[in-house]
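K.L.:
just the structure for this:
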Amino acid sequence: MISPPTYDVLIVGAGLAGMRAAISAHQQGASVALLTKVHPVRSHSNAAQGGINAALTDRGDKWEDHAFETVKGSDYLADQDAVEVLAQDAGHDIITLEHMGVIFNRNDEGQLGTRRFGGQKKARTFFVSDFTGQAMLHVLYEQLMQAKLPVYEEWFVTSLVKDEQGHCAGLVAFEMRTGQFALFRAKTVIMASGGLGRVYEPSTNALICTGDGMAVAYRAGAPLMDMEMVQYHPTTLKGKGLLITEAARGEGAYLLNKQGDRFMKHYAPTMLELASRDVVSRAEQIEINEGRGMNGCVFLDCRHLGRAFLQNRLGQIYAEAQTFANIDLAEELLPIRPGMHYQMGGIKTDTEGRCWDIHNQWKGLPGLFAAGETACVSLHGGNRLGANSLLDTIVFGRRAGQCAANYSRTIPPPTISERSMEADQHLVATILARKGPGERPAALRLEMGTTMNRYVSVFREQEGLETARQHIQALKARWPDVTIDDKGQVYNTGMIAVLELSFMLDCAEAIIAGALTRKESRGAHFRTDYLDRDDEDWLQHILLYHQPGSEPLTDFLPVTITQWQPQIRVY
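P.N.:
This next block holds a predicted model:
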């Protein structure tokens, strides 16, 4: 039996948010460990291409401008106290990363270089070519190794454990290499497990992005907030879903329809291709739906940027276009379309990462923290600005680590029984004992993904959402009949796929519940049966609580407004 020590802070996930939280908690003197289902540098933070935002005063920029454009981009659903924290802390955190060793691009004067990203009037996006997330990830992993922090690699979390007072006191997980379960006791747990992109098919997200952290926290009693807000990125490859970074448009690439018309001038006459992502994705989908696309796509035009520039500043997508689409970006148009990319909603937290409310306005789970895409602070509201996601992981990963470490000093070590593992051990044994032939996890996963992409995407309406709900409920009913051929314990990827599918179905149900509840159009949530934003009735967050065997329980929270009153978004 594996018996890990008790930790002050146990972090689930070792991407940017998880590693930044770990370093921060360690600096506060806490005993810290990370648990991750992949090696840290294989985390999905690798996929972040374009850059990280910050308003530096020596560039003539103001944090207030960054904050306002983030709030505007969110379609006024973001909590403005959280956005102010993000914008104010950004500059310091960028410099800290640079001092850690992130080699950001520099301009001709030797200063840190910037590029423009969508929804922002100033160039405040710092970058490492078009693989910024990967560069940051490796540097933070170096910091992790230098601090000699324990990392439980290739462990799969199955549930959170609560003590008799209802306080999160650890988790149950099994080691993929051996199939052995272990009970991890911890004074605090930080969920930094990333997004849920594979709920959709196709998606820009890695196959590991299956909403595990959201579902585990949800089942344990933490609320999920604004789950209906699912971002479709404007530029992805058809079929494969591969991301083509917004940095291409930030560097001057155009969007064209099949007639060669630079169509964004009709939808966002000032910002054009650099309007907010929800605006650009809807414009593209309209062009496609009305017959001005080709084979379900519009085109990204990078030809005027020149081969040398593309290879230097956008080398990754230059290679990807050649490899996956057989397109030379220097000479040809690249067919692209909107694709599922990011979840603005997630586990409800405050600005310190706590998943419970110290003011008792909403019910949460004491002892649990969250950061990164798995969390909803809410920074991004109805639509995230490009290059704010990396900033989110760094700023709020750091803050969650600090707060968790400080909180751990105020509580005694947890007292939970080894019997806490029994239910999860029984579930795995039951799955292994199922006789075939039965349902295949890949088949159900594909049905789920195509259902979500058809009915809960750029445009939504009541009938389609109801259809999606029925399909997901039917898939949940079929899940107990899923069988796998591998009955072993060692690296049983079939078993992991079955468990991930269960988590994704819970996430899909929550997305649909939120979308059916919000009877307006705001940000990425655009309903063709409710065309307008309704601030009078819907300037509020939707909280969902897990109800085993029935529909989620719904609650509401007002949006926090500090200095920017809602106004019509014009780009």
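K.L.:
confirm that residue 234 sits in a strand.
P.N.:
Yes - using DSSP: H, G, I helix; E, B strand; the rest coil, the assignment for residue 234 is a strand.
K.L.:
spatially nearest residue to it (excluding sequence neighbours)?
P.N.:
Nearest non-adjacent residue to residue 234, counting by CB to CB, 6 or more residues apart in numbering: residue 280, 4.1 Å away. All C-beta spots, glycine's among them, are computed from the backbone N, C-alpha and C.
K.L.:
mind listing what's buried along whichever strand or helix holds the one you found?
P.N.:
In this structure, residue 280 is located in helix 277-289 according to DSSP states H and E. Residues of helix 277-289 classed as buried under the neighbour-count rule (16 or more other CB atoms under 10 Å) are 277-288.
K.L.:
same thing with stretch 328-337?
P.N.:
329-330, 333-337.
K.L.:
coming back round to it: skip ahead from the helix holding residue 280 and say which helix or strand is next.
P.N.:
Per DSSP H and E, the helix or strand that comes after helix 277-289 is strand 298-301.
K.L.:
compute the mean per-residue pLDDT across that following strand, please.
P.N.:
Computed over strand 298-301, the mean pLDDT rounds to 97.
K.L.:
C-alpha coordinates for whichever helix or strand comes after that strand, PDB please?
P.N.:
Following strand 298-301 in sequence order, the next helix or strand is helix 307-313 (DSSP H and E). Extracted in PDB, the C-alpha atoms of helix 307-313 (Å, rounded to 0.1, in the frame of the first residue of the first chain):
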ATOM      1  CA  ARG A 307       8.400  34.200 -45.600                       C
ATOM      2  CA  ALA A 308      11.300  35.500 -43.400                       C
ATOM      3  CA  PHE A 309       8.900  37.200 -41.000                       C
ATOM      4  CA  LEU A 310       6.600  34.200 -40.800                       C
ATOM      5  CA  GLN A 311       9.500  31.800 -40.100                       C
ATOM      6  CA  ASN A 312      11.000  34.200 -37.400                       C
ATOM      7  CA  ARG A 313       7.800  35.400 -35.600                       C
END
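K.L.:
starting at the chain centroid, how far to helix 307-313?
P.N.:
Between the centre of helix 307-313 and the centre of its chain there are 29 Å (CA atoms, centre = their mean, to the nearest Å).
K.L.:
and the contacts of it?
P.N.:
105, 129-130, 247, 251, 302, 318, 329-330 (CB atoms under 8 Å, 6 or more residues apart in numbering).
K.L.:
picking up where we left off before, take the buried residues of stretch 328-337 and lay them out in JSON lines including distance to residue 88, secondary structure and pLDDT.
P.N.:
What follows is the buried residues of stretch 328-337, written out as JSON lines (distance: CB to CB, whole Å; DSSP: H, G, I helix; E, B strand; the rest coil; pLDDT from 0 to 100):
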{"residue": "329", "distance to residue 88": "38", "secondary structure": "coil", "pLDDT": "96"}
{"residue": "330", "distance to residue 88": "41", "secondary structure": "coil", "pLDDT": "96"}
{"residue": "333", "distance to residue 88": "41", "secondary structure": "coil", "pLDDT": "97"}
{"residue": "334", "distance to residue 88": "38", "secondary structure": "strand", "pLDDT": "96"}
{"residue": "335", "distance to residue 88": "41", "secondary structure": "strand", "pLDDT": "96"}
{"residue": "336", "distance to residue 88": "35", "secondary structure": "strand", "pLDDT": "96"}
{"residue": "337", "distance to residue 88": "37", "secondary structure": "strand", "pLDDT": "97"}
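K.L.:
the residues you listed: which two are farthest apart?
P.N.:
330 and 337 (21.7 Å; CB to CB).
K.L.:
who touches the residue of the chain most remote from its centre in this structure?
P.N.:
Centroid-distance maximum for the chain: residue 435 at 36.0 Å, with CA atoms, centre = their mean. Neighbour list for residue 435: residue 483 [criterion: CB under 8 Å, 6+ apart].
K.L.:
and it, what element?
P.N.:
Residue-wise, residue 435 maps onto no helix or strand under DSSP H and E.
K.L.:
what bits of the stretch 51-200 of the chain have low per-residue confidence?
P.N.:
Applying pLDDT under 70 to the stretch 51-200 of the chain flags no residue at all.
K.L.:
all helices for it, in order.
P.N.:
63-73, 80-100, 132-146 (DSSP state H, counting those that start in this stretch).
K.L.:
just checking, which helix or strand of the protein averages the lowest pLDDT?
P.N.:
strand 114-115 (a mean of 89; mean pLDDT, DSSP states H and E).
K.L.:
who does that strand touch, helix- and strand-wise?
P.N.:
strand 125-126 (3 or more CB pairs under 8 Å, 6 or more residues apart in numbering; DSSP states H and E).
K.L.:
list the pairing partners of the strand it packs on within its sheet, with orientation.
P.N.:
strand 52-53 (antiparallel), strand 114-115 (antiparallel) (DSSP bridges).
K.L.:
so residue 406 sits in a strand?
P.N.:
No - counting by three-state DSSP, one finds residue 406 to be helix, located in no strand.
K.L.:
how much space separates it from residue 28?
P.N.:
6 Å (CB to CB, to the nearest Å).
K.L.:
a markdown table for the buried residues of helix 277-289, including pLDDT and distance to residue 201?
P.N.:
As requested, the buried residues of helix 277-289 are exported to a markdown table (pLDDT from 0 to 100; distance: CB to CB, whole Å):
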| residue | pLDDT | distance to residue 201 |
| --- | --- | --- |
| 277 | 95 | 20 |
| 278 | 96 | 21 |
| 279 | 97 | 24 |
| 280 | 97 | 22 |
| 281 | 97 | 17 |
| 282 | 97 | 21 |
| 283 | 97 | 23 |
| 284 | 98 | 19 |
| 285 | 97 | 17 |
| 286 | 97 | 23 |
| 287 | 97 | 23 |
| 288 | 97 | 18 |
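K.L.:
that'll do, ta.
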